[in-house]
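Asker: this one's sequence-less:
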């Protein structure tokens, strides 16, 4: 018997485990399907590429064939380890635009406007670049700013400024627009995952039980009240009872999957797999959306890219420098330079995000060019294409069917092409000229809309920000209410990126942790910070 059972020890689950177990009177169980985060690569910022290539701490999902991307099955990485995707991602710490959250409030969720959420963003961070009223100084997550090693990154910022785009020293400031440097959840050369920042300080609490390699099979109900969970651990099927609440924090793929396996979803989807219906909620698994990314890449006539560090002796030196001093290339994240830009002057907010890197790669970083060069990764801030997560079968061990329906909407196609052209315009400025060699992607021949669109269809990938499949709201498609309680049930909430009714304009990890901070207050009955 526990007071709270949290399913999924990812970005949100680790936050909840810490906050809910802070009172020794509350007994908390945290279930994680993956392993403990003992692998050194999980804590080395430069280990991202190796983690992506191996898939060792990942669910290894792929999408269904994407109709609008040449029927390709897109690799869809999701962390499967303590810390979840916060243990395997690129450690980029951005909040998105304030208007993103104000839009949530306009959907009938007044407690989710940016001014109401700012205290939670501040609570979660210790912001090291500088102090100010928009940042926290004593939160669990330490955020730093890593100096740009390659001169190509600085040249790209200067070129963007020459193209008419403003510098932005703080993407958490009043405006998201501009080019600047990403902040990173890295401290003293080590990744600050949710497991490191939140879970590790709580592990010694006797009222917190953490089980790894524990796959949750279903939530059990008495009527419509969630009362227990069934999970497989060390070869045994176990039931644990929750006296107060059960909280799903599996993310935008696994949370809707578990709801459906437990009898909550569209009736026709459940009956197709012989699952007894508990609550009819047609929105479960719908509204899946994500940031699709396409790149503009250039070979460089100068040997100033990160390819230099791929030589065996350089890699050995970098490894020694890291393990001895916690410094050097292995202590740095991948993307350092950022752009949130408008493809048209009449827009109120940026519609394109760029991650600039001083290297060229494809296939989600699993294939890296040995040629010196750089690329700007371009994604639409607010994509309009919507997809689904549905069950493959009634077996919890079968991966769900993931169909983001990428590139389906005309807005997405039009905006992506404008973003690619804008990236070209930036690198053609004088500041970047020393590093501007042949265009490798899309290639100089791809100039008209048809050619650029064909390039995107053949090459675009996810940049790992799925949201929306258990969206909060008041309409018929909503899955949770403004308190993140699952409609039609008692004692059951969803707390993770799946509750976002609309994606934010940026990387989603920090926002997911903020959601969990706010959820903890709501669960415990505390007033807003």
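Answerer: Everything's here; your move. Treat the numbers as computed from the prediction; the structure is a model and nothing was measured. Numbering: from 1, shown residues only.
Asker: Just give me the longest strand of this protein.
Answerer: The strand spanning the most residues in the chain, taking DSSP state E as the definition, is strand 236-248.
Asker: what is the mean pLDDT for it?
Answerer: Model confidence over strand 236-248, given as mean pLDDT, is 98.
Asker: Could you pull out the buried residues of stretch 69-83?
Answerer: 69, 72, 74, 75, 76, 77, 78, 79, 80, 81, 82, 83 (16 or more other CB atoms under 10 Å). Every residue, glycine included, has its C-beta placed from N, CA and C.
Asker: how about JSON lines for these, with secondary structure, distance to residue 488 and pLDDT added?
Answerer: Output for the buried residues of stretch 69-83, formatted as JSON lines (DSSP: H, G, I helix; E, B strand; the rest coil; distance: CB to CB, whole Å; pLDDT from 0 to 100):
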{"residue": "69", "secondary structure": "coil", "distance to residue 488": "36", "pLDDT": "98"}
{"residue": "72", "secondary structure": "strand", "distance to residue 488": "37", "pLDDT": "98"}
{"residue": "74", "secondary structure": "coil", "distance to residue 488": "33", "pLDDT": "97"}
{"residue": "75", "secondary structure": "strand", "distance to residue 488": "35", "pLDDT": "95"}
{"residue": "76", "secondary structure": "strand", "distance to residue 488": "29", "pLDDT": "96"}
{"residue": "77", "secondary structure": "coil", "distance to residue 488": "32", "pLDDT": "95"}
{"residue": "78", "secondary structure": "coil", "distance to residue 488": "27", "pLDDT": "97"}
{"residue": "79", "secondary structure": "strand", "distance to residue 488": "30", "pLDDT": "97"}
{"residue": "80", "secondary structure": "coil", "distance to residue 488": "30", "pLDDT": "98"}
{"residue": "81", "secondary structure": "strand", "distance to residue 488": "33", "pLDDT": "98"}
{"residue": "82", "secondary structure": "coil", "distance to residue 488": "32", "pLDDT": "98"}
{"residue": "83", "secondary structure": "coil", "distance to residue 488": "32", "pLDDT": "98"}
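Asker: start to end distance for stretch 437-447?
Answerer: Terminal residues of stretch 437-447 are spaced 17 Å apart (CA to CA, to the nearest Å).
Asker: Need the buried residues of stretch 69-83 in TSV (columns: distance to residue 25).
Answerer: Shown next, in TSV, are these (distance: CB to CB, whole Å):
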residue	distance to residue 25
69	51
72	52
74	46
75	44
76	40
77	39
78	34
79	31
80	32
81	30
82	25
83	27
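Asker: Those residues: which two are farthest apart?
Answerer: 69 and 82 (32.6 Å; CB to CB).
Asker: where in this protein is pLDDT low?
Answerer: 364-366, 527-529 (pLDDT under 70).
Asker: same thing but 90
Answerer: 47-54, 130-131, 147-150, 303-336, 359-370, 526-529 (pLDDT under 90).
Asker: for it, longest helix please?
Answerer: The helix that spans the most residues within the chain, counting by DSSP state H, is helix 410-427.
Asker: How far off centre is it?
Answerer: 23 Å (CA atoms, centre = their mean, to the nearest Å).
Asker: who's in contact with it?
Answerer: 156, 159-160, 163, 165, 292, 294, 296, 298, 339, 341, 343-344, 351-352, 354, 376, 378-380, 383-385, 406-407, 432, 436, 439, 442, 449, 452-453, 456, 460 (CB atoms under 8 Å, 6 or more residues apart in numbering).
Asker: Likewise for stretch 105-112?
Answerer: Applying CB under 8 Å, 6+ apart, the external contacts of stretch 105-112 come out as 101, 104, 113, 116, 472, 473, 474, 482, 501, 502, 528.
Asker: Look up how far residue 122 lies from the fourth one.
Answerer: Per CB to CB, to the nearest Å, residue 116 is found 12 Å from residue 122.
Asker: what's the overlap in contacts for those two?
Answerer: By CB under 8 Å, 6+ apart, no residue touches both residue 116 and residue 122.
Asker: thinking again about what came up before, among the contacts of stretch 105-112, which are in helices?
Answerer: Per DSSP H, the subset of these in helices is 101, 104, 116.
Asker: Of those residues, which is the nearest to residue 247?
Answerer: Among the ones in helices among the contacts of stretch 105-112, and counting by CB to CB, the member closest to residue 247 is residue 104, at 20.1 Å.
Asker: I'd guess residue 335 is in a strand, am I close?
Answerer: No: Residue 335 is assigned coil when assessed by DSSP: H, G, I helix; E, B strand; the rest coil, not a strand.
Asker: Count the residues that sit near it.
Answerer: Residue 335 sits with 22 neighbouring residues when counted by other CB atoms under 10 Å.
Asker: ok, it - contacts?
Answerer: By CB under 8 Å, 6+ apart, residue 335 lies in contact with 90, 92, 182, 355, 356, 357, 377.
Asker: So the fourth one: helix, strand or coil?
Answerer: On the three-state scheme (three-state DSSP), residue 355 is labelled strand.
Asker: If it is in a bridge, with which residues?
Answerer: residue 338, residue 377 (DSSP bridges).
Asker: packing partners for the longest strand of the chain?
Answerer: strand 2-7, strand 214-222, strand 225-233, helix 251-261, strand 492-494, helix 509-524 (3 or more CB pairs under 8 Å, 6 or more residues apart in numbering; DSSP states H and E).
Asker: Quick one: list the elements packing against the shortest one.
Answerer: Spelled out, that is strand 492-494. strand 236-248.
Asker: Can you tell me what sits against the strand it packs on?
Answerer: 1-8, 13, 16, 29, 217, 219-220, 226-232, 255, 258-259, 470, 491-496, 519, 523.
Asker: who does that strand pair up with?
Answerer: Partners of strand 236-248, by DSSP bridges, with direction: strand 2-7 (parallel), strand 225-233 (antiparallel), strand 492-494 (parallel).
Asker: Report the contact partners of residue 207.
Answerer: Residue 207 sits next to 21, 24, 25, 26, 27, 28 when contact means CB under 8 Å, 6+ apart.
Asker: let me fix that: residue 471
Answerer: Contacts of residue 471 by CB under 8 Å, 6+ apart are 283, 286, 287, 477, 478, 479, 480, 498, 499, 500, 501.
Asker: In contact with the fifth one, which residues?
Answerer: When contacts are counted by CB under 8 Å, 6+ apart, residue 478 touches 283, 471, 472, 487, 501.
Asker: again, 6 Å this time
Answerer: Residues in contact with residue 478 (CB atoms under 6 Å, 6 or more residues apart in numbering) are 283, 471.
Asker: What values do phi and psi take at it?
Answerer: phi -70, psi 150 (degrees, to the nearest 10).
Asker: swap in residue 172?
Answerer: phi -100, psi 10.
Asker: what distance separates stretch 506-513 from the middle of the whole chain?
Answerer: 6 Å.
Asker: Neighbours of residue 469, how many?
Answerer: 32.
Asker: Repeat that for residue 406.
Answerer: Neighbours of residue 406 (other CB under 10 Å): 26.
Asker: so what's the closest residue in space to residue 485 that isn't next to it in sequence bridging to?
Answerer: Nearest residue to residue 485, sequence neighbours excluded (CB to CB, 6 or more residues apart in numbering): residue 493, at 5.3 Å. Residues in a beta bridge with residue 493, per DSSP bridges, are residue 247, residue 485.
Asker: So residue 142: helix, strand or coil?
Answerer: Residue 142 is classified as strand under three-state DSSP.
Asker: does it really touch residue 191, like I thought?
Answerer: No: checked against CB atoms under 6 Å, the pair residue 142 and residue 191 is beyond contact range at 10.4 Å.
Asker: Cool, thanks, signing off.
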